[in-house]
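**Student:** any chance you can model this:
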Amino acid sequence: MVRLQWARRIAALNLVLLAGLAIGVAPAQAAVSCDPAAPAPSNNYPGTTVVATNFESGSITGAGFNAPTTGGTGTATVVSTAAHSGRCSAHLHVTTDPSSLANFSASLPAASNEVYADGWFDVTRAGVSGNDVPYFRFFKGSTRILDVFRSNDNGDLVLRVTSPTVAGQFGYTTLAGSVALGTWHHLTMHAIANGASTTVEISFDNKSVLSSNQVKIDVDTLSAVQLGAEHRRQAGDVYIDDVIIKASANGAGLPGTFAPITPTRLLDTRTGSPVGADSAVSFQVAGVNGIPAKVASVVFNLTVTSPKAAGFATAYASGSPRPNASNLNFNAGQTVPNLVTVPVGADGKVTLFNRSSGSSHLIADVTGYYAPGTPATPGAFKSLAPSRILDTRNASAVASDTPLSFQVAGVNGIPASVAAVVFNLTVTEPKSFGFVTAYASGTARPNASNLNFNTGQNVPNLVTVPVGADGKVTVFNRSAGTTQLIADVAGYYLPGTPTASGAFKAIGPTRALDTRTGSAVGADSAVSFRVSGANGIPANVSAVVFNLTVTSPKSFGFVTAFASGTARPNASNLNFNTGQTIPNLVAVPVGSDGRVSLFNRSSGSSQLIADIAGYFLR
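**Tutor:** Below is the predicted model of the structure:
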């Protein structure tokens, strides 16, 4: 918990004025040479985008902000004399003249309780002693609630919090020392307004400088983000560029809710050294690539490649004991992927252990994370340290064309009442080729598969499946021979009707795509399929979970899943060889058109099948 030092300052310099958010008219400015075709900045933070601008439109209002407020000698303009990227940036100029004032602001959607503000700042001139040059300022109505500034006295970066109980009193926390003038710096400010238990996370130059969920304010929603001074004579010059402001309302960020991100590669040992035999590697998750500094668990696609011997990989929270569980089984020389959902350690890292007599290269492509805290809302996820809840090798193999039900609810830390469960399912010692289907006990077996295998093969796949009324899950061995099955639980979803943003609703499984009924996906080509508004899924969803299967590929390659209408990321979801049938669970954002795209990165065509397991509300 960050302790806020409460101090009183001269009211004339710190009073929050309604005029600071009023709409004014900025002085006319000379034409500037910007690049309107330059793409807007982006990040992986969740929420509705309020502003995402590089100011290449040539105006502040054209960038999506309200009209600037200026007074006297103060100016708020777009200039081409300085920029963090592209050709232009915003420039706020305030002097010591009594009437000098300059700021601009963005209004947030109604009832916004979670806000991310992300931008680049270059303070080129400090103002008068005893004052400051502001960066981001969060408001509720006309009252400044939280703000970050550069002190004119010593250059320190400081968080200021308005007292929830005493007018004109503020708490100050120094975040970084001696911020140099005339240099660009990256600042991210994240707040979840919740009265005396408000969360504030701040990073400076991509390093976390504050993370607390005990900041005391007196509001539970925020209404505006301002850049610049809200009162007069707050002198200084600052250039601002590549600003992104996002906001969420009514439950976004509740504990256990999911925030999808564009698939992002956070580990690739091929750029360094492979993971040695019976050795571990850890990689940072929290606080990087748009992921908050505090997360409960993370979802990523784990791929092993170039292993020198057979073995398996286990993923677990950094700093915790290695569990008796596996996430990925492989043979020498094999490239195998599997989706992983795992808790994040206190240091913000995840550990991967290579249980093998030879070295292996490991790749991790993160697709989303779960908010920290104790889950309480329907559809929220509670991650568990991996533990084994089924191993038929201790009894009898599952017979040909036979179901097996096993207890989930009320065992291994899972409550008696849950909506769905997530577990890693591994098939081993199959006597014939086939597939396994997982579904809620007591329901009809769906036309879907979770795991495809050949004779004698060890194959894992993550499964997300509803739990039956009897607290059990059924797995069906669709094969001409017996099969041993192992299930390692990763977590569960709370029961009830999901309504919060990021809450999960399990369905089906339901087949949403099968290119075998039409044409295969061509080499280096994409296919998309509808998620929102189809197969009983509502129109307003943020991400989808589905089992992706490739079959009859004409060449080796991989498939990448991503939100339709967005750039294809440098990530993979499913690797395959010629003629191979292989599945993998996918969790991916849904595009603004309600669709998901699948790209076949291969020199030959491939058939693709998608069986939806559930979705996350937007």
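**Student:** switch to C-alpha atoms for all contacts and neighbour counts from now on
**Tutor:** Will do.
**Student:** is Val133 in contact with Gly127, as I believe?
**Tutor:** Yes: counting by CA atoms under 8 Å, Val133 sits close enough to Gly127 to count as a contact (7.1 Å).
**Student:** next one: stretch 515-523 to chain centre, how far?
**Tutor:** Here stretch 515-523 shows a centroid-to-chain-centroid distance of 31 Å under the convention CA atoms, centre = their mean, to the nearest Å.
**Student:** what are the buried residues along that stretch?
**Tutor:** Thr515, Ala520, Val521, Gly522, Ala523 (16 or more other CA atoms under 10 Å).
**Student:** so what's Lys294 up against?
**Tutor:** The contact partners of Lys294, taken as CA atoms under 8 Å, 6 or more residues apart in numbering, are Ser211, Ala286, Gly287, Gly348, Ala371, Pro372.
**Student:** closest to Val51 out of the residues you listed?
**Tutor:** Of all these, Val51 sits closest to Gly287, with 21.6 Å by CA to CA.
**Student:** pretty sure that closest one sits in a strand.
**Tutor:** No: Gly287: not assigned to a strand; according to DSSP: H, G, I helix; E, B strand; the rest coil it is coil.
**Student:** measure how buried it is and give me the count.
**Tutor:** Using other CA atoms under 10 Å, Gly287 has 19 neighbouring residues.
**Student:** where along the stretch 1-150 of the chain do the helices fall?
**Tutor:** Using DSSP state H, counting those that start in this stretch, the helices of the stretch 1-150 of the chain run over residues 11-14.
**Student:** what stretches of the protein score poorly on pLDDT?
**Tutor:** Filtered on pLDDT under 70, the chain yields the residue ranges 1-31, 232-234, 249-253, 290.
**Student:** report whether Phe609 is found in a strand, as I expect.
**Tutor:** In this structure residue 609 is Ile, not Phe. Yes: the assignment for Ile609 by three-state DSSP puts it in a strand.
**Student:** didn't it look like it was pressed against Ser552?
**Tutor:** No: the pair Ile609 / Ser552 is not scored as a contact, 11.2 Å apart, by CA under 8 Å.
**Student:** how long is stretch 122-142 end to end?
**Tutor:** By CA to CA, to the nearest Å, the extent of stretch 122-142 from end to end equals 27 Å.
**Student:** gap between that stretch and the chain center?
**Tutor:** So, by CA atoms, centre = their mean, the centroid of stretch 122-142 is 30 Å from its chain's centroid.
**Student:** if we can go back for a sec, joint contacts of Val133 and Gly127?
**Tutor:** Common neighbours of Val133 and Gly127 (CA under 8 Å, 6+ apart) are Asn152, Gln234, Ala235, Gly236, Asp237.
**Student:** between these, which is nearest Asn394?
**Tutor:** Distance to Asn394 across those (CA to CA) is lowest for Asn152, with 69.7 Å.
**Student:** Val133 and Gly127: which has the busier surroundings?
**Tutor:** More crowded of Val133 and Gly127, by other CA under 10 Å: Val133, with 25 against 19.
**Student:** looking at the shared contacts of Val133 and Gly127, state which has the most neighbours.
**Tutor:** Using other CA under 10 Å as the neighbour test, those are led by Gln234, with 30 neighbours.
**Student:** quick check: closest non-adjacent residue to Gly182.
**Tutor:** Nearest residue to Gly182, sequence neighbours excluded (CA to CA, 6 or more residues apart in numbering): Thr124, at 4.4 Å.
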